[in-house]
Structure formats: C-alpha cells, structure tokens
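Asker: my questions are about this predicted structure, shown below with the sequence.
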Amino acid sequence: MTRLQMLGLCRFSYPTGGDGFSEVRDDLDANIARLYDPARLAQRFWFFENLCLPLLAAQTDPDFQIVLIYGAALPQPWRARLLDVVARVPQISPVALPEGLPHREACGRLMRAARDPEARVVGEFTMDDDDGVAPDFIARVREDFAPLRGLWRQGKRMALDYNSGLAIRAPGQGGAGDIAITPVQADFWAPGLVIFTGPRSTRSLQDFNHRRVWARIPSVSLPDPPMFLRGSHDSNDSRVEKRLSGSRRGGAADGPTILADRFGLDAGALQASWRAFRATPLPPPG
C-alpha cells in the first residue's frame, strides 16, 4: 500500500506578517498587542486544552506529525504553558518563529522541511488552536484515500474534504451563558480538509485557498461522518463567523450527541470546564 505521511500544521496565535488572516493589520505592533492580549490568550488556551489537544492525543492511528508554530516573543506565563501542554502529545513539534514573517512563505518552508522523503504521498492538513478533529481522523483519511489513489496519480495533487462537524460557540466578551454546540456543514473548511501531494513538491497546503481548492485540483467531498470541531468566539478570524451563519446542518442528532458519539467528549463536562474558566482570574504576567 502507498506510504502516506500525515502532516499537520497548527498556528498558535502567531502574529503573521500581513497575510493569511482577514483580521491582520499592517501594523505588526498592533497585531502583536491584539494576539497577545491576556484575555484573548486565556480563551484560546481553553479551546486548545479542551478541544484541540485531547482530540489529537486520542487519535486511533498515532502515525502523524503536527508542526505547531508560535511567536518567539510569546510572553510568559503563556509560553511556558504552551510548551508544557504540547509536550504531552509526542506527535507535536513546536517551532518558535520571529513575529512578522510572511505567513504563506514561513508555513510552506516548515511543512516542506517536515516531509518524509521516503513517503510516496503526503497528506497535509491544518488547524487553528481552537479547532479539533475526530479521534479517527488520521485513520479515516488513510482509509478514504486508498480507493482514490488512481485519481491522485493523475496530477499528484488531490483534496479530500470532510464537510460536516460541530461549531463550538463561546459567548461574546463579557457575556454570560454557556457554550453552544451546533451541527454544521461547510464545504472546504480548513479543519476538515486534507491536501495530498508528493514529498518533493514545491507546493504545500498554504499555497491553496481552501475555499477555492476545488477549482485547481481534483477534490472529493464526504458529508459523513462529522469530522471537525470549529471554535467560534470573539477573537476568531471574521470569515469564520460569516460562514457559520449559513452552515447549520439539519438531522436527527443534536450537537451534544454528536460530540459524544464522534468526538468522545461530554457536553456537560465541557460546559462545566467553560464555567470554571470564566470564573478564574487571569494569571499575572511572567
């Protein structure tokens, strides 16, 4: 069987150099101040530690690697906390980058360097620090790619899109209430997308606009099973909120049921964790 390397990219609140996000400003100092705001970082850590990391650690197929980028000037105590929690997931390789590097160039260079030259195919995927994937994500990608190898061989590039999942919506800044867990369906959304390429390709997943990847390379969409969690809150890239407004998915199963059945997470425990987080004061600067 084709040797398929699964290689992911996770960006932990990295202040990019002006590309990659709709909320990026031209003023790097303003970007750093916004991304490193203590209240924002505390919320991102809640999503990271309650959704992203547990689901990566729970993968039924442990043969994958995540390149996690963060800013070299990420302040304490956040930097130490980040390195501590990612050390518990051996597949994660944290990389500190100087703030302000061009997003696509920096991410592409790191992803190409992390490819296994002995692999026949590399499946690249990306997630933000507030996203998550189902525990069988890596295993299902391998299983679903197998019958598509002929399609991949035609141009040595192909996309696989899992377009169903859940939105985990946090109340607005200062707002009361619990998180909302909503089934969604959104085509070619980053946390459910895998792009297959060869290990020596000069392109990486960051060279493709995920919303238009279907126009450039052969692409297959699978509406089931639900595969991703998408964090939704005040500090999201604005495009996330725009897509959520038209992405609700009907069906018999509700959000908490899907969360338990597909992601192995208990909605009640998640709500209790959120309430405890909201009641906890911010840590002092390091």
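Answerer: Perfect, I can see it now.

Asker: helix, strand or coil for residue 200?
Answerer: coil (DSSP: H, G, I helix; E, B strand; the rest coil).

Asker: my read: it touches residue 118, true?
Answerer: No - assessed by C-beta atoms under 8 Å, residue 200 is found out of contact with residue 118, at 11.3 Å. Using the backbone N, CA and C atoms, a C-beta is placed for each residue, glycine as well.

Asker: those two: who's more crowded?
Answerer: Using other C-beta atoms under 10 Å, the more surrounded residue of residue 200 and residue 118 is residue 200, with 11 against 8.

Asker: need the contact list for that one.
Answerer: 115, 117 (C-beta atoms under 8 Å, 6 or more residues apart in numbering).

Asker: state the distance from it to residue 160.
Answerer: Between residue 200 and residue 160 the distance, using C-beta to C-beta, to the nearest Å, works out to 21 Å.

Asker: check residue 225 too.
Answerer: Relative to residue 160, and taking C-beta to C-beta, residue 225 is found at 13 Å.

Asker: compare those two (neighbour count), which wins?
Answerer: More crowded of residue 225 and residue 160, by other C-beta under 10 Å: residue 160, with 22 against 14.

Asker: next up, phi/psi of that one, please.
Answerer: Here is the backbone geometry of residue 160 (degrees, to the nearest 10): phi -120, psi 120.

Asker: hey, what's it bridged with?
Answerer: On the basis of DSSP bridges, residue 160 is bridged to residue 194, residue 220.

Asker: mind listing what it touches?
Answerer: So residue 160 contacts 123, 141, 144-145, 148, 193-194, 196, 219-220, 222 (C-beta under 8 Å, 6+ apart).

Asker: likewise residue 202?
Answerer: Counting by C-beta under 8 Å, 6+ apart, residue 202 has contacts residue 112.

Asker: wait, residue 119 sits on residue 6?
Answerer: No - using C-beta under 8 Å as the test, residue 119 is too far from residue 6 to be in contact (9.5 Å).

Asker: who has more neighbours, these two?
Answerer: Between residue 119 and residue 6, counting by other C-beta under 10 Å, residue 6 is the more crowded of the two (24 against 17).

Asker: that one in helix, strand or coil?
Answerer: Residue 6 ends up strand, using three-state DSSP.

Asker: for it, give its distance to residue 181.
Answerer: Taking C-beta to C-beta, one finds residue 6 at 27 Å from residue 181.

Asker: now swap in residue 197 and tell me
Answerer: 34 Å.

Asker: neighbour count winner among these two?
Answerer: Set residue 197 next to residue 181 and count neighbours by other C-beta under 10 Å: residue 197 wins out with 26 against 20.

Asker: that one and residue 144, how far apart?
Answerer: 17 Å.

Asker: how about residue 233?
Answerer: 31 Å.
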